[in-house]
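**Student:** Sequence and computational prediction follow.
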Amino acid sequence: MDAFGRVATDLRVSVTDRCNLRCTYCMPPEGLDWIPGDELLAAHELVRLVRLAVDQGVQEVRFTGGEPLVRPDLEEIIAGVAGLPDPPSLSLTTNGIGLTSRAQTLKDAGLTRINVSLDTLDAERFRRLTRRDRLADVLAGVAAAKDAGLTPVKINTVLMRSINDDEVLPLVEWALDSGLVLRFIEQMPLDAQHAWTRSEMVEAAAILSELESAYTLHQSETPRGSEPAETWNVLGPDGAVRGTVGVIGSVTRPFCSSCDRVRLTSDGQLRNCLFAQTETDLRGPMRRGAADDEIVGLMQSCLATKRAGHGIDDPTFLPPPRPMSAIGG
Ligand code: SAM
Ligand code: SF4
């Protein structure tokens, strides 16, 4: 438990900082200085740290990156965590490239849920936004995830002013027709290039007002709890529920007061907040032979210093020293 009474039950595990896309709001065109291979945690090291976190109360593990599917041993990592005595629920955040051949093996390894990131349905726009011509692969990946029975399949969309903010309704229609749960995420100051500006961000309130002008929305009855997304059921003209849509107002409607997250980077650093300025090294002690108790002590002291909030709107706000792709989104 941290100093504000929040309990860390949701662990985000980054398995790599590398990626096969170059989304403009995340990375520069040339990519980044990747973490050297010998500093990345091996599958068995990741599984050990997740086991210790689960022993401390973690109930949900989401694998992310960078792009987690660039790791060929992702299934081994997932199977290792799924095989723990009291396994957490397992999900994955991915750009979807490669899912056509791996959705089923991931499911078989123990994955249950998946989030695929997709910001546009237009192939040329996708190429400009991600600097790669891969929209068809992502759409095929989404279909493969559904076919494999990963449930739910959620779509994460970042809207950018004058770039894709005219696609709110086309994306929602596509998601509703395809049985997908779409969530719009406010863009955060987490890009490696530090190009984010508050005034250019598409705010949750604007997204919601566009949704309300097109649809009858009913606040979802499922309690939000520590879920970052505010969700609504979308009603069709006959009053029947067509599906669910969500908005994650990370900047303008922060959910820090109920945050239950902790993050492990692919090089074995524990972070108590996406925006934390400091990290707790678990890899070094682990590789020097630390016993489980010692590592658990390091985990607990990291959590104890979790701040009340990310403070993006504070005049003293500083973005974290590493970009989202290296921390794990
Ligand atoms: N590569 C995978 C993907 O794109 O889903 C996983 C890692 S990515 C960093 C995780 C999520 O973070 C994606 O949904 C992506 O759109 C989102 N993301 C990346 N940079 C962001 C930013 N500056 N603000 C808000 N969300 C961002
Ligand atoms: Fe890669 Fe995901 Fe970043 Fe896009 S958002 S560059 S897919 S890590």
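**Tutor:** It's in. Numbers count the residues shown, from 1 in each chain. Ligands and ions are numbered 1, 2, ... in the order given.
**Student:** need the strands for this protein, in chain order.
**Tutor:** Remark: strands assigned in the chain by DSSP state E are 10-14, 60-64, 89-94, 113-117, 153-158, 181-185, 216-219, 230-235, 241-248, 261-264, 269-271, 280-281.
**Student:** now those strands in JSON lines, with mean neighbour count and mean pLDDT?
**Tutor:** Every C-beta, even on glycine, is put in place using the N, C-alpha and C of the backbone. Listed next are the strands of the chain as JSON lines, based on neighbours: other C-beta atoms under 10 Å; pLDDT from 0 to 100:
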{"stretch": "strand 10-14", "mean neighbour count": "24", "mean pLDDT": "97"}
{"stretch": "strand 60-64", "mean neighbour count": "23", "mean pLDDT": "98"}
{"stretch": "strand 89-94", "mean neighbour count": "22", "mean pLDDT": "98"}
{"stretch": "strand 113-117", "mean neighbour count": "22", "mean pLDDT": "98"}
{"stretch": "strand 153-158", "mean neighbour count": "22", "mean pLDDT": "98"}
{"stretch": "strand 181-185", "mean neighbour count": "22", "mean pLDDT": "97"}
{"stretch": "strand 216-219", "mean neighbour count": "13", "mean pLDDT": "92"}
{"stretch": "strand 230-235", "mean neighbour count": "18", "mean pLDDT": "94"}
{"stretch": "strand 241-248", "mean neighbour count": "21", "mean pLDDT": "95"}
{"stretch": "strand 261-264", "mean neighbour count": "24", "mean pLDDT": "94"}
{"stretch": "strand 269-271", "mean neighbour count": "24", "mean pLDDT": "97"}
{"stretch": "strand 280-281", "mean neighbour count": "16", "mean pLDDT": "98"}
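**Student:** Rebuild the ones you listed as JSON lines, extending it with distance to M1.
**Tutor:** JSON lines is the format used below for these (distance: least, C-beta to C-beta, whole Å):
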{"stretch": "strand 10-14", "distance to M1": "14"}
{"stretch": "strand 60-64", "distance to M1": "17"}
{"stretch": "strand 89-94", "distance to M1": "21"}
{"stretch": "strand 113-117", "distance to M1": "26"}
{"stretch": "strand 153-158", "distance to M1": "29"}
{"stretch": "strand 181-185", "distance to M1": "28"}
{"stretch": "strand 216-219", "distance to M1": "30"}
{"stretch": "strand 230-235", "distance to M1": "26"}
{"stretch": "strand 241-248", "distance to M1": "25"}
{"stretch": "strand 261-264", "distance to M1": "12"}
{"stretch": "strand 269-271", "distance to M1": "16"}
{"stretch": "strand 280-281", "distance to M1": "16"}
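**Student:** Take these and write them to TSV, including distance to ligand 1.
**Tutor:** Formatted as TSV, the strands of the chain follow (distance: least, C-beta to the nearest ligand atom, whole Å):
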stretch	distance to ligand 1
strand 10-14	8
strand 60-64	5
strand 89-94	4
strand 113-117	3
strand 153-158	4
strand 181-185	5
strand 216-219	23
strand 230-235	16
strand 241-248	9
strand 261-264	11
strand 269-271	14
strand 280-281	21
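**Student:** Nearest to A205, out of the ones you listed?
**Tutor:** Shortest separation from A205 across those is recorded for strand 241-248, at 8.9 Å, computed as C-beta to C-beta.
**Student:** and the closest one, which strands flank it?
**Tutor:** strand 181-185 (parallel), strand 230-235 (antiparallel) (DSSP bridges).
**Student:** Disregarding flanking residues, what is the spatial nearest neighbour of W34?
**Tutor:** With C-beta to C-beta, 6 or more residues apart in numbering as the criterion, W34 has its nearest non-adjacent residue at 5.4 Å, and that residue is R18.
**Student:** Kindly apply the preceding question to E279 instead.
**Tutor:** Q269 (3.7 Å).
**Student:** Contact partners for F63?
**Tutor:** Going by C-beta atoms under 8 Å, 6 or more residues apart in numbering, F63 touches V13, S14, V15, L74, I77, I78, L90, S91, L92, T93.
**Student:** Identify the residue nearest the second one in space, chain neighbours excluded?
**Tutor:** Going back to what we said before, that points to S14. Spatial nearest neighbour of S14, excluding adjacent residues (C-beta to C-beta, 6+ apart): G328 at 2.8 Å.
**Student:** Number of residues surrounding the one you found?
**Tutor:** G328 has 25 neighbours, counted by other C-beta atoms under 10 Å.
**Student:** gap between it and A103?
**Tutor:** 21 Å (C-beta to C-beta, to the nearest Å).
**Student:** Fine by me, we can end here.
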